[in-house]
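J.: Next come a sequence and a model predicted from it.
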Amino acid sequence: MSTVTVPQLGLPPGDARELANWLIPDWEARPDSPEAVEKLPAFAGKLRACERVCQAPYSETAHDIQDALVLRRLQQMVHTVLLNPVWRERLAAAGITGAPASYEDWQHIPLSDKDTQRDLFMDDRPGMVVPLARGGFEIVASGGTTGGRPLETVYALRELRDTYEIAGRFMGTYQLAEYLRGSDPKWLYTTLADYQMWSSGTMVGGVLQNVPGVNYIGAGPVTAPVLEHMFSYPGPKALMGITAGVALLAELGAGMSREAKESFRVALYGSGVLPRRKRAELQAVYPNLVILSYFAATQAETVGLQLRHDSPYLAAVPGLHLVEIVDERGRWVAEGEEGELVVTRLHAHEAPLLRLKLGDRMIRRPRVDGPGLKTHQFEFAGRTGDVLHLNDSQYSAPRAYDALRDELRAGRLVDLDAVAHELQFVNHRESRTLTLLVAADDPNGLTHRLTAALGPYGVQRAFTTALPRSLSLFNQGEANPASIEKTGYRFQLRFVPRSSAEIERTEVGKVPLVRDRG
């Protein structure tokens with residue numbers, strides 16, 4: 001247990017809990033009206049006060065101090081939402097009438113999903129504690145609900161400014177400092193742009209503008225000549241974009257000078273996975289490049305950052321969100337186990353949203369425990385919807401791909417990682433046909449080679465052998481090759497040209513791993 005002193009009082013609070021209670025006293029922890037909520041000091045100020053007391057950056061304070069302060073903030077959030085009749089009814093239905101005394105109690109608070117978010121924060125926006133008419137809010141589009149309905153997120157502008165500064169400082173200190181070195185000017189670009197109320201450029205740009213010591217350019221989508229112009233500036237460069245946009249940089253930069261290519265040091269790609277083929281192409285063009293994940297969502301502009309190129313683990317930004325990896329009951333999974341990603345934005349007095357499921361699967365990883373940085377880690381395992389439904393059984397699509405890739409690689413037939421630009425499973429449930437579409441440079445040649453090697457039933461055999469290995473540890477007895485054959489499913493592996501229209505993309509260019517058809 002960490003012991004700290006409070007210089008302003010000259011008294012030792014004794015432990016982390018007492019420090020948290022001193023930082024957020026009872027009269028702030030229990031606001032009694034929306035007007036009182038409006039006047040609450042920002043949580044960012046509490047983080048700065050904690051830094052002064054502990055004489056260390058908040059990201060480097062002991063875990064028990066961080067945990068105590070975040071729990072105190074969560075208690076304040078629950079007291080805040082209980083001022084709202086809709087929230088009060090929602091929590092009462094789960095047997096909750098007061099703030100959680102512990103993280104164990106917190107895990108009993110019901111999870112929110114995108115339908116919950118829509119019901120609370122669209123139309124009349126009944127979930128807001130401080131009415132929208134007071135002003136000072138930003139509305140942005142978000143990913144739609146499972147029913148296809150549009151969705152919006154509400155942010156208080158005063159607290160967005162705080163979150164941008166916190167996340168930007170963290171990025172500069174723990175992610176980019178190692179790669180953007182030297183005395184030359186340092187550059188940070190983004191190709192994200194605002195579009196149809198998708199305020200990606202504004203929100204991620206807000207974080208990037210707050211990275212200390214860099215020069216920022218919000219470029220938006222760029223052509224090869226514009227990218228070459230940007231890269232002609234002296235000094236090391238980092239660029240953040242959606243995964244598909246980052247993948248294009250190899251093609252866009254092919255004609256640059258050697259000096260410009262060598263100045264590109266960090267590519268930050270948005271949520272998801274950048275295929276190995278794309279990584280190889282990028283690093284062939286840009287010899288000094290490291291590729292890192294910037295895991296974000298419109299509802300939470302910086303969820304996790306990959307700090308090291310040799311580890312896929314994502315680090316939470318301390319004090320920004322409570323990041324939870326939970327099972328189907330909303331309880332925390334053990335370290336090393338996979339669960340659903342749930343976030344609670346800690347900087348949200350006026351429009352709080354508790355325990356929001358973002359639609360991603362994560363593996364809980366060991367926390368970072370200094371010296372220096374102290375934070376929690378997790379690893380991307382796919383989208384929640386990345387599931388292959390074969391009759392009554394469900395298979396993890398990422399693990400199914402891995403197993404199929406390994407099966408074909410073992411036979412020295414084809415290395416899907418090496419040839420694939422994009423991948424997508426298409427499941428035609430009515431006709432019982434599952435197809436893996438692979439966008440490649442030479443689809444005809446690859447098709448001929450695979451058919452000649454495997455024969456007419458070879459792909460079917462490879463799928464039925466691979467799919468049982470995609471089941472979780474506790475479901476591995478559920479299927480075997482013979483039982484998968486009995487489903488009546490036909491399995492196909494089809495190579496298609498790059499940018500093929502057969503592969504479905506979202507409005508912002510992302511390629512979902514799984515698409516279900518009737």
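T.: The structure has been received and is ready for your questions.
J.: residues touching the nearest residue to residue 328 once chain neighbours are set aside, list them.
T.: Once flanking residues are discounted, residue 328 sits nearest to residue 340: 7.9 Å by C-beta to C-beta, 6 or more residues apart in numbering. (Each C-beta comes from the backbone N, C-alpha and C, glycine too.) Residues in contact with residue 340 (C-beta atoms under 8 Å, 6 or more residues apart in numbering) are 325-328, 357, 360-362, 384.
J.: ChimeraX command for the buried members of those?
T.: Buried subset of the contacts of residue 340, written as a ChimeraX selection, criterion 16 or more other C-beta atoms under 10 Å:
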select :325,326,357,360,361,362
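J.: how about JSON lines for the contacts of residue 340, with distance to residue 28 and pLDDT added?
T.: What follows is the contacts of residue 340, written out as JSON lines (distance: C-beta to C-beta, whole Å; pLDDT from 0 to 100):
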{"residue": "325", "distance to residue 28": "30", "pLDDT": "97"}
{"residue": "326", "distance to residue 28": "28", "pLDDT": "96"}
{"residue": "327", "distance to residue 28": "33", "pLDDT": "94"}
{"residue": "328", "distance to residue 28": "35", "pLDDT": "91"}
{"residue": "357", "distance to residue 28": "29", "pLDDT": "92"}
{"residue": "360", "distance to residue 28": "33", "pLDDT": "87"}
{"residue": "361", "distance to residue 28": "36", "pLDDT": "88"}
{"residue": "362", "distance to residue 28": "32", "pLDDT": "92"}
{"residue": "384", "distance to residue 28": "36", "pLDDT": "79"}
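J.: now the contacts of residue 340 as a markdown table including secondary structure?
T.: As requested, the contacts of residue 340 are exported to a markdown table (DSSP: H, G, I helix; E, B strand; the rest coil):
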| residue | secondary structure |
| --- | --- |
| 325 | strand |
| 326 | strand |
| 327 | coil |
| 328 | coil |
| 357 | strand |
| 360 | strand |
| 361 | strand |
| 362 | strand |
| 384 | coil |
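J.: burial count for residue 408?
T.: 21 (other C-beta atoms under 10 Å).
J.: check contacts around it.
T.: So residue 408 contacts 414-416, 450, 462 (C-beta under 8 Å, 6+ apart).
J.: Buried residues, the helix or strand harbouring it. List them.
T.: For residue 408, the host element (DSSP states H and E) is helix 397-410. The neighbour-count check on helix 397-410 (16+ other C-beta under 10 Å) flags 397-405, 407-408 as buried.
J.: can you give me the mean pLDDT across it?
T.: The predicted model assigns helix 397-410 a mean pLDDT of 89.
J.: and that helix, how far from the chain's centre?
T.: 24 Å (C-alpha atoms, centre = their mean, to the nearest Å).
J.: and what of stretch 223-241?
T.: Distance of stretch 223-241 from the chain centroid (C-alpha atoms, centre = their mean) equals 25 Å.
J.: So which residues of the stretch 151-300 of the chain form strands?
T.: Using DSSP state E, counting those that start in this stretch, the strands found in the stretch 151-300 of the chain span residues 152-156, 187-190, 215-218, 237-241, 264-269, 290-297, 300-306.
J.: give me the beta-bridge partners of the residue nearest in space to the middle of the chain?
T.: For the chain, residue 295 is the residue whose C-alpha lies nearest the centre (C-alpha atoms, centre = their mean; 3.5 Å). Beta-bridge partners for residue 295, by DSSP bridges, are residue 304.
J.: Helix, strand, or coil at residue 348?
T.: Under three-state DSSP, residue 348 comes out as coil.
J.: Contact partners for the closest residue to it other than its chain neighbours?
T.: Sequence neighbours aside, residue 159 is the residue nearest to residue 348 in space, at 6.3 Å (criterion: C-beta to C-beta, 6+ apart). By C-beta under 8 Å, 6+ apart, the contact list for residue 159 reads 42-44, 347-350.
J.: do residue 17 as well
T.: residue 68 are the contacts of residue 17 under C-beta under 8 Å, 6+ apart.
J.: before we move on, what about residue 281?
T.: So residue 281 contacts 247, 250-251 (C-beta under 8 Å, 6+ apart).
J.: worst-scoring helix or strand of the chain, pLDDT-wise?
T.: Least confident helix or strand of the chain, by mean pLDDT, DSSP states H and E, is strand 393-396 with a mean of 80.
J.: now for that one, which elements pack on it?
T.: strand 387-390 (3 or more C-beta pairs under 8 Å, 6 or more residues apart in numbering; DSSP states H and E).
J.: can you give me the mean pLDDT across the strand it packs on?
T.: 83.
J.: Residues contacting that strand, please?
T.: 394-397, 400, 425, 427, 429, 434, 467, 470, 484, 487, 489, 514, 516.
J.: Which of the helices or strands spans residue 425?
T.: Residue 425 belongs to strand 422-428, assigned by DSSP H and E.
J.: While we're on the residue nearest to residue 328, how confident is the model there?
T.: 93.
J.: try the one 3 residues further on
T.: Per-residue confidence for residue 343 comes out at a pLDDT of 96.
J.: what's the answer for the one 10 residues further on, then?
T.: Per-residue confidence at residue 353 stands at 95 (pLDDT).
J.: so it sits in a helix?
T.: No. Read with three-state DSSP, residue 353 is coil and lies in no helix.
J.: hang on, it packs against residue 118?
T.: No. If you go by C-beta atoms under 8 Å, residue 353 and residue 118 don't touch, sitting 11.2 Å apart.
J.: In terms of neighbours, single out the busier of these two.
T.: residue 353 (22 against 19).
J.: before we move on, back to that, tell me which residues touch the residue nearest to the centre of the chain, please.
T.: So, once contact is read as C-beta under 8 Å, 6+ apart, residue 295 ends up touching 270-271, 303-306, 314, 380.
J.: Residue 396 now?
T.: 382, 386-388, 470-472.
J.: Please tell me how far it sits from residue 365.
T.: In this view, residue 396 and residue 365 are 18 Å apart by C-beta to C-beta, to the nearest Å.
J.: okay, now residue 425: neighbour count?
T.: Counted with other C-beta under 10 Å, residue 425 comes out at 21.
J.: With residue 258 instead?
T.: 8.
J.: Local confidence estimate at it?
T.: Model confidence at residue 258 (pLDDT) stands at 96.
J.: Next one: it from residue 163, what distance?
T.: 39 Å.
J.: Can you report phi and psi for residue 458?
T.: phi -70, psi -40 (degrees, to the nearest 10).
J.: so how far is residue 464 from it?
T.: Residue 458 sits 11 Å away from residue 464, going by C-beta to C-beta.
J.: anything in contact with each of the two?
T.: Overlap of the contact sets of residue 458 and residue 464 (by C-beta under 8 Å, 6+ apart) is empty.
J.: who has more neighbours, the two?
T.: Between residue 458 and residue 464, residue 464 has the larger neighbour count (other C-beta under 10 Å), namely 20 against 17.
J.: my guess is that one contacts residue 490, does it?
T.: No. Between residue 464 and residue 490 there is no contact under C-beta under 8 Å: 10.8 Å.
J.: Now do the shared contacts for these two.
T.: Counting by C-beta under 8 Å, 6+ apart, nothing touches both residue 464 and residue 490.
J.: sorry, back to before: in the sheet, which strands lie alongside the strand holding residue 425, parallel or antiparallel?
T.: By DSSP bridges, strand 422-428 pairs with strand 433-440 (antiparallel), strand 514-517 (parallel).
J.: What average pLDDT does the last one get?
T.: Taken as a whole, strand 514-517 has a mean pLDDT of 84.
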